[in-house]
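Trainee: Just a sequence and a predicted model for now, questions to come.
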Number of protein chains: 4
Amino acid sequence: MASNGFGQIFRVTTWGESHGPAIGCVIDGVPPRIPLSEADIQHDLDRRKPGQSRHTTQRREPDEVQILSGVFEGQTTGTPLSLVIHNQDQRSKDYGEIKDRYRPGHADYTYDAKYGIRDYRGGGRSSARETAMRVAAGAVAKKILARRLGNAFSVRGALVQIGPHGIDRARWDWAEVQNNPLFCPDPVAAAEWETFLDGVRKAGSSAGAVIETVATGIPAGLGEPVYGKLDTELAAAMMSINAVKGVEIGDGFAAASIPGHEASDEMRMQDGKPVFTSNHAGGILGGISSGQDVVVRFVVKPTSSILTPRASIDRFGQEVEVVTKGRHDPCVGIRAVPVGEAMMACVLLDHLMRHEAQVGPIG
Amino acid sequence: MASNGFGQIFRVTTWGESHGPAIGCVIDGVPPRIPLSEADIQHDLDRRKPGQSRHTTQRREPDEVQILSGVFEGQTTGTPLSLVIHNQDQRSKDYGEIKDRYRPGHADYTYDAKYGIRDYRGGGRSSARETAMRVAAGAVAKKILARRLGNAFSVRGALVQIGPHGIDRARWDWAEVQNNPLFCPDPVAAAEWETFLDGVRKAGSSAGAVIETVATGIPAGLGEPVYGKLDTELAAAMMSINAVKGVEIGDGFAAASIPGHEASDEMRMQDGKPVFTSNHAGGILGGISSGQDVVVRFVVKPTSSILTPRASIDRFGQEVEVVTKGRHDPCVGIRAVPVGEAMMACVLLDHLMRHEAQVGPIG
Amino acid sequence: MASNGFGQIFRVTTWGESHGPAIGCVIDGVPPRIPLSEADIQHDLDRRKPGQSRHTTQRREPDEVQILSGVFEGQTTGTPLSLVIHNQDQRSKDYGEIKDRYRPGHADYTYDAKYGIRDYRGGGRSSARETAMRVAAGAVAKKILARRLGNAFSVRGALVQIGPHGIDRARWDWAEVQNNPLFCPDPVAAAEWETFLDGVRKAGSSAGAVIETVATGIPAGLGEPVYGKLDTELAAAMMSINAVKGVEIGDGFAAASIPGHEASDEMRMQDGKPVFTSNHAGGILGGISSGQDVVVRFVVKPTSSILTPRASIDRFGQEVEVVTKGRHDPCVGIRAVPVGEAMMACVLLDHLMRHEAQVGPIG
Amino acid sequence: MASNGFGQIFRVTTWGESHGPAIGCVIDGVPPRIPLSEADIQHDLDRRKPGQSRHTTQRREPDEVQILSGVFEGQTTGTPLSLVIHNQDQRSKDYGEIKDRYRPGHADYTYDAKYGIRDYRGGGRSSARETAMRVAAGAVAKKILARRLGNAFSVRGALVQIGPHGIDRARWDWAEVQNNPLFCPDPVAAAEWETFLDGVRKAGSSAGAVIETVATGIPAGLGEPVYGKLDTELAAAMMSINAVKGVEIGDGFAAASIPGHEASDEMRMQDGKPVFTSNHAGGILGGISSGQDVVVRFVVKPTSSILTPRASIDRFGQEVEVVTKGRHDPCVGIRAVPVGEAMMACVLLDHLMRHEAQVGPIG
C-alpha cells in the first residue's frame, strides 16, 4: 500500500490530523456519471460518528463532509473527488500533559522514533479520527458497486465478539445489527455486552472486539493472483485500520484444526448453476472470489487510552506514569464496524475495476 | 499489491507455472555492490525443497536457481536481478484426469471463472511451486538486511501448531527448529506431530498448521502510517502465500479477550535505553516498528489435494467426484515456514529502504 | 504517471476544477522536520499569478494557499501535506455560451468523448488553473532540495522563444528574468516581445512559446535506468503541463543534425575533479545525471481561447462557430515558466529520494 | 515510471545486460485467451535485428525469443508472460580496453557515479540491446490492440530525418518504409541517405535521426488527465529509449511559431460524424485522444561509439583518449523505428485498459 492511500484503479489517499484544521481524502479513478451528493456520504459517516451512545467517546463532531471537486450538477465527472471534514471540537488542552509522554499501546513512541517530531494533540495522524475518511470513501465505493452489481449486492458488518464474549451464531439476525449501539447481530449477546461494557468503563479499563464483514452478491472472478489476491488486499485493508491485530478469511485460524477431508467446500449443481455446500473458504479460492459470500474477520485490541495508570517513559528518557483523561471509547472496536465495511467495499470495487481492465466486463 | 509482485523500492515480480518450462522472478531496486551468488540463494531454496522427509511431497526437483542478470563479478550492480529455476520433474500425466474437474479447495474453479482458461497441470500458476521464488527473493533480502542491520538481525520461523496440536512455548528452542523436519521449536511436540502426521497421511486426509515468524534486531521507525504500515504489508505478504487463511501480529486474535489495562506494553529505561516490559504489540505500534521483536503468525489450511473422494463439478456443469492421486504434502504448512521468513525479510527490507528515502539513515 | 498525480517517493496528487469551490493537492512522502509555512509556498504562487501584466489574463485570484495538514509548530511531520486554494473569482456567466460547444484546441470534445460529462465552466479540470498546485508542490520540493544540496543548488526557468522570435543566447542574463513580465533572460528580446504580444492581442490571436529550465548543483547519480530515467520523468512532467507539445533535453532535436564526433561531451580533470568541456547532453547520460546543469526545454502551443471565430461543432452534432470572449492569456507559455521550474524540482527531489532508498546518501 | 518497467495495467518489466547470459521481460496484466506464439513476437524482433544491412551493427544475434510462462495450448492465460532471449554473440574481448575508461556520450561515467560498479561489457544494462524486449512487448501489445480495435488500427513508424537531411512529406508512402533498410517513407530521400550514411561511416563518425510514429484507428477517449495523459506517457515512453533527446506530439516545437488562429484544429460534421480539418494536435487534446491519428516524433542523437578519438577520463581520474573499435551502428536511430512503434503500442494498450477500468468499454 502507498504510505497514505490504497487502491490501484479506485485510489484513495487520506490526509489530516486529529486536531489540525481538517481531515480529508482524494479519490482518483471514480467512474463518471454516478449521481453523488454529500448526503450519500453523510449517511455512512453518521453510523461511525462518536457520541451516539454511552459506549463511544463523547467527543462531539458534526463531521459534516464537503465535496470540493469531482462532482458537477450532481454527478461524478471522472476527475478526482476531494472530500473534507473540518475539525471543530479540538479541545487541545486535554492533551497537553501527554505532550512529552509516550502513552503505552499508542503510536507516540514510534512516531517520535521514526520522524523525530509528532503532533501530540489527540494522537495527530495516528488518531482513529482518520477512519472517518475511510468511511467516506467506502460510501462512494458502495454506491458504485450497487450500480454495477445490482440489488443482490451488499457489504455488511457486525461485532461478533467483545472482550471474551462471543455471539451465538444460531441467533444471527442482520436486522438486529441496526437495533443496538454495538452492531451486534445477536440480541441476547447485545444486552449482555452492554452490561459488560459498563463494568469495563467503571473499572477504568477497556475491551477488545472482533468484527465480521460479509459481502454478498459478489461475482466469481475478482482478485489477481498471486500477490494482488482479493484476500491479500482485504487483509491489508483491515490491518491498516487503527488497533487491528489480526485478520481472517472464512475459517481463518480455525482452519488449522479442521481435517483436510472436511476443510474444503464441495460443489454441486443447482438450477443449472454451480453451488458450494459450505463456505470454509470465505468466498475466496486461490485469491479469486468464488461467487459465495466473502467473509472477513478482524480483531481490534482494547483501547489503549485508559484511566488506569500505566508505566512509561517520556521523550527525555525519564520514567513516568501515564493516565489518559480525555474522552475515549472503552471499546474502539465498536465504531470499527462501519470502517471495516467501508474498507471491504473499496477493495471489492478496486478489484472489480481491475478485472474489467484486464479481462473485460464481469459475469 | 501488484498482480504478480510486491514491494515499492525492493520490488519482486514472479512468473511461471508449475509445469511450464520454468519459474522465475525479477527483483528491481536491489542495492549495488552486495556480494551475491547462486549459492547464497540455493541455501534457502534447499530448506523449502520438497522430498526431504516423508511429510512433504515426493516430487523431486533439483530446484537449481540461476542468476541471469544484475550481478557482475560476484556483486550486484543495482540493475534488476533475474532469477530462474527450470522445471524438470513435470509428470504431466498425473494431472490429466483433473483437466476438466474442479478440485474442491483449489483455485481450479475460480481461475476458470476469471480467465476462461486454465493451465490445469499441477495447478499451473496457483501451484505452491511459485513460493520457491519468494524464498529466492527472501534470501537476497536477508543478505542485504544483514549488511545494513548487523549481527543482531535475524528473521526466523517455526511451526507452532499442526492440526489441533500446539507447542508448549516454555520449551521453545530455536536451535531445535533445525533438528526436525517439521520446523518445530518444541522437541516434544515435534515427535508427537510426526506420529500425528503419519496418521493423517494414512487416512488419506491432510492437516493445517500455524507458522510464527520473528524478526530480531529491527530498529524502531520502520513502517509508513496510515496505510503502508509495517503490519499492513506483513499481513498482505503472508496472506498472499498459498492456502493462508489468517494473519496475526503480536497477541493477534487473543487481544480481544485481554483487558485494556493488561493489553498494552509498558516502557522502562534500561542502561539508558527504552525497553518494553512485554510484547503484546508484536513489535509494531501505529504501524511502525518499536524496536522489539516483530512477531507474525499465519495459518495454512489443510492441503486440499487428498485421496479421500470429494464431491465437485466439472467445467461442463456435470457433478463429479474428485480424488487427487498426485504427490502432495499432507501438510503444506510445513514448507510454508521458509516462505514466511522470506516474505517477512522482503517486507522489512522494503520498509527500511522506504524509510531511508523519506527520513534518512535509520537508527 | 498516476491519473492525477506523480512521483514515487515524493508523491503529488492534485484535484479541483477551475470554477469549483477550491483546488488543492496532497503531497505524501515529505521528509519530517522541514520548516514550512504558507508564506514559503505563496512566494512561488505569486510568480505564476494572473493579472500581473497586460500579457496575462485579467482574472484576479488572490490564490491564497492554506496548509491543512502535515505541518506542526512550523515544521513538517512526515505525514501528508494537504494544500488548498479556495476559488473566489468564478464569473461562471462568461462561460455559459460554450456550455455545449467544443472550443477548437481545447479539451472540451475529448472530455465529453471520454467521460460523457464535462464541467464546462472555465475548462473545469482541464483549466491551466490546476498548475497553481504544481507550483505549490514545487515550492515545497525546492525547499527540501535546498536543504539537501546546499547553496550550489537552484532550479530556474526562462522564456527563450515567443511566437517565431527567439533570444540571443549571448545576452543571457538570469537576473534579467526577474526584471520583465515575460521571464525573458535577454533584455533586448524582452522589449521586442512586448511589442509583438501587443500586436497578437490586438489581432485577436495568440502566440506559442518555448521555455527552458535549468537545474544547477545537481550531483551525478540521479535517475533510474532504464525506464525511470531522469530525462524520462522530466519529459513526462513537462508534457503533462497544459498545452505543451514537445520536450527536449540538452541539444534536443538539434542533435539529429550534429555529427557524432561533435555531439558527445568530452571529459577532462580540473582541480582533481571530472569536468565536461561542453553540455550537449543537458546533464543526463543514460538517464542518470552527470553533475552538469540539467537543461530541459518545452514548447507551449498558442492559447486556443481567442477572439477570432473558429469553426467547430456542438455536443448535439451541429456545426457552429466559436469565439472565446473570456479573459485569457494571449500567450499561456509565459506563466508556464514557474510551472516548469516547479515540475523540475519535484522530479529532481523524487529521484534524489529514490537514489537514497536504493543506493544510499548521494555525493 | 518504475525503474525498469512501465505501464499500469499492461505492465512491462525488463531485465538483462548486453553481455550477460540473457535478456528478458515479464509482462503482467495480459488479457487471457489471446492466441500467442513465439512466431508472433519473432516477426517484430527480426525488423529490429542488427546485421541486416551495412548501416547497422554487424553483431549477429539470432535473437530467438522464448515464452517461458503465461501461454497454455497457444493462448495467453492471464498470468504473467515471461520472455527471454539468450545472448550468444558476446565477444567480450572487444570491450576490454574500455573497462576503466568512460566513453564520451555513454552512460559509463554516470553508472559508476551512481552505483559504484558497472558491467562494462557492451554497455551492460545501458546497451541498446535492451530495446529488443521493448519490441517483444510491443508485439504482444499490437496483437491485443488489433483484436480490440479491429482492422482500422495500426501503429507504424518511419525515419523522417537523418543527420541534417529530412524527407519530402509530399512523397510520403508507407509502403516504401518496408522497401529500404532505413525505414524511410520517401524513396528519393532513402537513396540519398544511403550515400550520406556511407560517408559518415567512412569518416569514422555517426549521425542522428528523427523518427515519427503514427497510430491510426484509435478511438477518442484514451488518456487520463491531468498527469496520466496519453501524451505524457508517450513522451516518457519515447524518452526512455536509448539516446533519445526530445519528443514532440503533432506540431511539436513548430507550434511556438504558428499564430493562435491557425494552430488549433477546426471541427466539422461529415457523414454524421465529427471530423477535424487538420491535425496540429497530433490526435491528442487535453491529454485525451481525439479520434484522429496519434502522431509522435522523437530524436535519436548520433551514436556515441565512433572511431574518431575523443578526450575523456578513466575511473582512476586520469585523462585518456577513447576510440571505440567494436561493431556499432553509424546511426542508432534506424533501428529505433520498430522500438518507437513498440513503445507506442504498449502505451496505447495500457491506456485502453485503464479507460475500460474506470469508464467502461470504449467507443
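Mentor: Thanks, I have the structure now.
Trainee: what about chain A, any weak spots by pLDDT?
Mentor: Applying pLDDT under 70 to chain A picks out residues A:50-51, A:57-61, A:89-96, A:326-327.
Trainee: OK, now which residue of it is nearest to chain D?
Mentor: Chain D sits closest to A:Ala357 of chain A, with a gap of 3.5 Å, by Cβ to the nearest Cβ. Where you see a C-beta, it was placed from the backbone N, CA and C, and this is true even at glycine.
Trainee: Report the contact partners of that residue.
Mentor: A:Ile9, D:Ile9, D:Gly29, D:Met353, D:Arg354, D:Glu356, D:Ala357 (Cβ atoms under 8 Å, 6 or more residues apart in numbering or on different chains).
Trainee: Next, format those as JSON lines and append secondary structure.
Mentor: Putting the contacts of A:Ala357 into JSON lines (DSSP: H, G, I helix; E, B strand; the rest coil) gives the following:
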{"residue": "A:Ile9", "secondary structure": "coil"}
{"residue": "D:Ile9", "secondary structure": "coil"}
{"residue": "D:Gly29", "secondary structure": "coil"}
{"residue": "D:Met353", "secondary structure": "helix"}
{"residue": "D:Arg354", "secondary structure": "helix"}
{"residue": "D:Glu356", "secondary structure": "helix"}
{"residue": "D:Ala357", "secondary structure": "helix"}
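Trainee: just these now: which is nearest D:Val294?
Mentor: D:Arg354 (15.6 Å; Cβ to Cβ).
Trainee: List, one by one, the residues from the stretch 251-363 of chain A near chain D.
Mentor: Along the stretch 251-363 of chain A, the residues adjacent to chain D under the rule Cβ under 8 Å from any Cβ of the partner chain are A:Met353, A:Arg354, A:Glu356, A:Ala357, A:Gln358, A:Val359, A:Gly360, A:Pro361.
Trainee: how many neighbours does the second one have?
Mentor: Neighbour count for A:Arg354, taken as other Cβ atoms under 10 Å in any protein chain shown: 24.
Trainee: Pretty sure it sits against A:Pro225.
Mentor: No: using Cβ atoms under 8 Å, A:Arg354 is not in contact with A:Pro225; the gap is 12.0 Å.
Trainee: anything in contact with each of these two?
Mentor: Common neighbours of A:Arg354 and A:Pro225 (Cβ under 8 Å, 6+ apart) are B:Ser3.
Trainee: Please name the nearest non-neighbouring residue to the residue of chain A closest to chain D.
Mentor: D:Ala357 (3.5 Å; Cβ to Cβ, 6 or more residues apart in numbering or on different chains).
Trainee: Please apply the same query to A:Ser278.
Mentor: A:Asp265 (4.8 Å).
Trainee: Contacts only, for A:Ile167.
Mentor: If you count contacts by Cβ under 8 Å, 6+ apart, A:Ile167 has them with A:Val160, A:Gln161, A:Cys184, A:Pro185, A:Asp186, A:Ala189.
Trainee: which of those has the most neighbours?
Mentor: In terms of neighbour count, A:Cys184 stands highest of the contacts of A:Ile167 at 28 neighbours, by other Cβ under 10 Å.
Trainee: Which of the three states applies to that residue?
Mentor: Per three-state DSSP, A:Cys184 ends up coil.
Trainee: mind listing the helices for the stretch 151-300 of chain A?
Mentor: A:174-177, A:187-202, A:230-239, A:260-263 (DSSP state H, counting those that start in this stretch).
Trainee: Could you say which of these is packed most deeply?
Mentor: helix A:230-239 (a mean of 30; mean count of other Cβ atoms under 10 Å in any protein chain shown).
Trainee: what's the angle from it to helix B:230-239?
Mentor: 160 degrees (axes from the mean of the first three to the mean of the last three Cα atoms, to 10 degrees).
Trainee: Helix A:230-239 and chain B, are they touching?
Mentor: Yes: counting by Cβ under 8 Å from any Cβ, chain B has neighbours in helix A:230-239: A:Asp231, A:Thr232, A:Glu233, A:Leu234, A:Ala235, A:Ala236, A:Met238, A:Met239.
Trainee: where along the stretch 251-363 of chain A do the strands fall?
Mentor: With DSSP state E, counting those that start in this stretch as the criterion, the stretch 251-363 of chain A has strands at A:267-270, A:273-276, A:284-285, A:288-289, A:294-300, A:310-313, A:319-322.
Trainee: whoops, the stretch 51-200 of chain A was the one
Mentor: Using DSSP E, counting those that start in this stretch, the strands of the stretch 51-200 of chain A run over residues A:65-69, A:71-72, A:75-76, A:81-86, A:154-162, A:165-166.
Trainee: and the closest residue to chain B within the stretch 101-250 of chain A, how many neighbours?
Mentor: Evaluated by Cβ to the nearest Cβ, the stretch 101-250 of chain A has A:Ala107 as its residue closest to chain B, separated by 2.3 Å. If you count neighbours by other Cβ under 10 Å, A:Ala107 ends up with 29.
Trainee: and what of A:Cys331?
Mentor: Count around A:Cys331 with other Cβ under 10 Å applied: 28.
Trainee: do the same with A:Asp40
Mentor: 17.
Trainee: Repeat that for A:Ala152.
Mentor: 10.
Trainee: you'd agree it is up against A:Ala215?
Mentor: No: using Cβ under 8 Å, A:Ala152 is not in contact with A:Ala215, being 10.7 Å away.
Trainee: Would you quantify the distance from whatever residue of the stretch 251-363 of chain A ends up closest to chain C to A:Arg148?
Mentor: As assessed by Cβ to the nearest Cβ, chain C sits closest to A:Met353 within the stretch 251-363 of chain A, at 12.3 Å. Remark: distance between A:Met353 and A:Arg148 (Cβ to Cβ, to the nearest Å) = 9 Å.
Trainee: Also A:Ile258?
Mentor: According to Cβ to Cβ, A:Ile258 and A:Arg148 sit 35 Å apart.
Trainee: Likewise for A:Arg297?
Mentor: Separation of A:Arg297 from A:Arg148 (Cβ to Cβ): 26 Å.
Trainee: re the thing from before, doesn't B:Gly287 make contact with the residue of the stretch 101-250 of chain A closest to chain B?
Mentor: Yes: using Cβ under 8 Å, A:Ala107 is in contact with B:Gly287, at 7.3 Å.
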